[in-house]
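Student: one predicted model, sequence on top.
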Amino acid sequence: MHNDHALVEARLDRFVRDHLTPALYRDARPLAATAWQVEREPVPFETAVGQPFEAVPLGWRWGRAWSTVWLHVTGEVPAEWVPAPPAGTRIEVLVDFGYNRSRSGFQAEGLAYRPDGTLIKSIAPLNSYLPVAPGQTAIDVYIEAAANPDVAGEYTFDPTPYGQWETAPDEPLYSLAQLDVALLDETVWELLQDVWTLRGLMAELPTGSSRRHEILRALEDMLDVLDPEGIPNTAAAGRAALAAVLAKPAHASAHRVLATGHAHIDSAWLWPLRETVRKCARTFTNVMDLMDQHPDFVFSCSSAQQYQWMKEHHPQVFARIKEKVAAGQFAPVGGMWVESDTNMPGSEAMARQFIAGKQFFIDEFGVECEEAWMPDSFGYSGSLPQIVASAGSRWFLTQKISWNQINTMPHHTFWWEGIDGTRVFTHFPPVDTYISEISGKELAHAEANFSEKGRATMSLVPFGWGDGGGGPTREMIAAAHRTADLEGSPRVTMGSSRDFFEAAEAEYPQAPVWSGEMYLELHRGVFTSQLRTKQGNRRNESLLRQAELWASTAALRTSFEYPTEKLDRAWQTVLLLQFHDILPGSSIAWVHREAEQRHAAVTEVLEGIIAEALAALAGQGGDHELVVNASPFARAGVPALGAAVREAEHPSVTATEAAEGATVLDNGIIRAVVDARGHLISLVAHADGREAIAPDSPANVLRLHRDLPNLWDAWDLDAHYKRTVTELLEVDERDVVQSAGDAAVVTVRRVGASTIEQRLVLRAGASALEIENRVDWREREKILKLAMPLDVHADRIAAETQFGHLFRATHTNTSWDAARFEACQHRFVHLGEPGYGVAIVNDSTYGYDVSRDTRADGGTTTTVRFSLLRAPLFPDPESDQGEHVMRFRIAPGATIGDAVALGYDLATPLRGVRAAAPIAPIVTSSNPAVVIETVKLAGDGSGDLVVRLYESRGGRATTTLTLAGTAEVIESTDLLERALSGEPQGEGENIDLPFRAFQLRTVRFRNVSA
């Protein structure tokens, strides 16, 4: 036989395009429409239907960016289709808003209602029909149409005006292209699904495969029997020609795929938060319509926040979700408030993502999610396994690491070990997408890519349009059914993530182990973009900790009412704003301006709670000026978590002039020398006399780099940024300012249109020099770094993460080390060698890089550079423009323990209150290595006290946790405050607690008398 397969395939593709697809609908009749344009923000159905609607024709231009139009679509169902349509057909309404059908979303979308306000389903580019019930004689539908702009377009990353309502053009984006009532030919539709599945499978089989040619000839036979002028009459014969090849079962050793419906809905990204509420309603309505038709279809949906939005804004949708959860088709997954970033959220915030999420699903649905579900977050902290397990979960899922630029993750199913040694069973779907359409290409890739072959046989495929929502379609479900047992394809079964994890763990209990963080070798710029959003997060994480501490202390000791509702709302806002496109700074301007406003509102609420709680603790008529210390470490003579009179003042700070215009700052604890250009040329702790700054390499040097990533502007920081750098050496102004309690060298630099003021401040009694950076930032496509060369022989750097720290290499021995050229810290990094170290803490900076060099004298210079500001142009062309303040403190001769304490010190400024007597801490830890992170009242409203603490230095420790009062029962709990068997228990006023390195513990004091 001659090899004509390319010709047959070309014939097939054209026939499908020109004849088969156009025959999908046998007949179509036009419908009429009237419209009401919403002035700006969306309104509910009840408001819209009472407005004056005006007639609009086909071709009507509609939809200024971000606007809403309500359409009232009416018409008669043709009499010949009533009471039942012709055999083998069904009636549908077809809607085309004028979108680009080559992509699934990121454009106009709609949600259809019946006149009584009940929902039908959503409208989207690749899902643009509405069902019509048999016997229905008239069409009467309201459609809420959202004119969402395609912000990304072809992903050329050009600056866009569409990121805010105020900057978006007024011109309409869309044109009403179709409003018809039509007859769908069910046999033609089924035939199209047969062809799509077989065509996709055939393309993935080897060219020499007998099965490939068998499918090709069956498709050729189908083409022969189909009449292009009479497709409806010959479609059944076409299906018959394919029946034999569709019926052949998969090989006994075929890879097994569990396909779960999914619609990764970014809680904000290239659209504002308010639009996500509507995206959820549209998507959930769509998938529940599919559930009614397909009892075997299961939809996995994460993010308690999105369910909460439905409860608040779309109770009808929420009620239906409850029904489908009970039926086992709508599966809550993930157990988190949102699919957050995992690198930057603080310790308690990361825990609260799981606490808030899991508790919501338990309370609302009686379902406990046991998997962490984060397919799209930008890397995964080494603390996550312990946090996941401490929340009572067992499994973890992601696929984002498939985006790595350089190294390929060696496993797809494995045990992930965290910094404390906790392991969770983890799956990394080899399909390498979370928006699969169950194509032949995707299924073949899943099998070929699966690295556990020979030991394990199954993987998970999340299917459905995502990012902007949409979810699964009927075509995808048809593909799943056709590949359930099909020769040449993996076997596909629809189900839940729980179904997958239970089977996968049982099959592969001895899976390999990955230890430490799962670093994403991409999107390294997100540690720096949109500083104001990050500062709001860091500020409110600290204020939430303080508010809960003082509110719980006051509630147990006074008549103060614990503000549960206010605190819950504050936490929910902060957790929402930690979503993986908000906190990382990769959303449109609208999102970040709103995030800043919401953070400011939360700050106001929390400051109010703190003030009221401290006032209750202070009582009336007090005449003592107390210093309030919310840090878990004693400061200024004030105990941790308490308030007392400040200890006697330390000797004053001296500022003396030295050679060549330098200034020496000395407080008797450390001595710093700042040269004429404001650079730090010496830093010595008097206790050891050792120089921290590398010789001939000044510290506190600002470096300006060109920042032009190849792709993904706000996301990426590419390694080539290092190739162009300008060190900002000269100063425009310099001054020395001295007061009784501190001395400072102040410099001002002007670069381009930007101004940078630095204050190097040494305070009385301080063990660290503070560096305050005030920047009026007007650069574009630049990154500003702050370099600190240290005379420390460090082969690794310690960077704080949740409930501990992790070590990263300072060298580039391996490709994994080299790829990690920008990384994330929380409040501190520590560089050390045996017997000596330097700690650098910050108030709002996450990104840093580190390197080391050997000097001519044989010594080692280890340099850490902090990423202060970026200026990407997409998706927010005004990203980070304006004024900013960032603070650092650098402590010579510091241990890891010092770094931990300094981090809390900078994050938790001392407060003042007038009181009659000192305020004793409500709880204390006897071992400074064991840090009390959280003090709060129990979430169940019982009034019990809950304390969360962790080992902070990376070694074993034991502490006595003492309550200032007594408790009937003291018990160890999980994060959800449920008692743990086999863990320390007690009663009375204290409990002894052993800790492994970085271990996290939660302790509940029941029925407290304080």
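Tutor: Ah, there it is.
Student: okay, CA-based contacts and neighbour counts for the rest of this
Tutor: Noted.
Student: mind naming the longest helix for this protein?
Tutor: Of all the elements of type helix in the chain, the one with the most residues (DSSP state H) is helix 589-618.
Student: remind me what it packs against, helices and strands.
Tutor: Counting by 3 or more Cα pairs under 8 Å, 6 or more residues apart in numbering; DSSP states H and E, the packing neighbours recorded for helix 589-618 are helix 531-557, helix 564-576, strand 911-915.
Student: now for these, which one comes closest to residue 147?
Tutor: helix 564-576 (24.5 Å; Cα to Cα).
Student: just the buried positions in that closest one, please.
Tutor: Taking 16 or more other Cα atoms under 10 Å as the basis for neighbour counts, the residues of helix 564-576 that come out buried are 564, 567, 570-576.
Student: circling back to that earlier point, could you check the angle strand 911-915 makes with the longest helix of the chain?
Tutor: 30 degrees (axes from the mean of the first three to the mean of the last three Cα atoms, to 10 degrees).
Student: and after helix 589-618, which helix or strand comes next?
Tutor: Downstream of helix 589-618, the next assigned helix or strand under DSSP states H and E is strand 624-629.
Student: ok, residues contacting the helix or strand following that following strand?
Tutor: Past strand 624-629, heading to the C-terminal end, the next element that is a helix or strand (DSSP H and E) is strand 642-644. Contact with strand 642-644 is made by 626-630, 637-638, 917-922, as judged by Cα atoms under 8 Å, 6 or more residues apart in numbering.
Student: now do 6 Å
Tutor: Residues outside strand 642-644 that contact it (Cα atoms under 6 Å, 6 or more residues apart in numbering) are 626-629, 638, 918-921.
Student: chain center to that strand, what's the gap?
Tutor: The chain centroid and the centroid of strand 642-644 are separated by 37 Å, computed with Cα atoms, centre = their mean, to the nearest Å.
Student: average pLDDT for it?
Tutor: In this model, strand 642-644 has an average pLDDT of 97.
Student: adjacent strands (with direction) for the next helix or strand after it?
Tutor: Secondary structure here is assigned by DSSP H and E; on that basis, the next helix or strand after strand 642-644 toward the C-terminus is strand 654-657. Strand 654-657 has these partner strands in its sheet, going by DSSP bridges: strand 663-666 (antiparallel).
Student: which stretches of the stretch 851-1000 of the chain have low pLDDT?
Tutor: Applying pLDDT under 70 to the stretch 851-1000 of the chain picks out no residues at all.
Student: which of the buried residues of helix 564-576 lies closest to residue 111?
Tutor: residue 576 (24.4 Å).
Student: what sits closest to the closest one if chain neighbours are left out?
Tutor: Nearest-residue entry for residue 576: residue 338, 6.2 Å, with adjacent residues in sequence omitted and distances by Cα to Cα, 6 or more residues apart in numbering.
Student: surely the one you found touches residue 303?
Tutor: Yes: at 4.3 Å, residue 338 and residue 303 qualify as touching, with contact defined as Cα atoms under 6 Å.
Student: could you check the pLDDT of the residue nearest to residue 576?
Tutor: pLDDT, residue 338: 98.
Student: sorry, back to before: buried deepest among the helices and strands packed on helix 589-618, which one?
Tutor: When neighbours are counted by mean count of other Cα atoms under 10 Å, the highest per-stretch mean among those falls to helix 531-557, a mean of 24.
Student: circling back to that earlier point, measure how buried the residue nearest to residue 576 is and give me the count.
Tutor: Counted with other Cα atoms under 10 Å, residues neighbouring residue 338 total 27.
Student: ok, the one 4 residues further on next?
Tutor: Residue 342 sits with 26 neighbouring residues when counted by other Cα under 10 Å.
Student: start the count at 46, not 1, going forward
Tutor: In the new count, where the first residue is 46, that last one comes out as residue 387.
Student: could you pull up the contacting residues of it?
Tutor: So residue 387 contacts 425-426 (Cα under 6 Å, 6+ apart).
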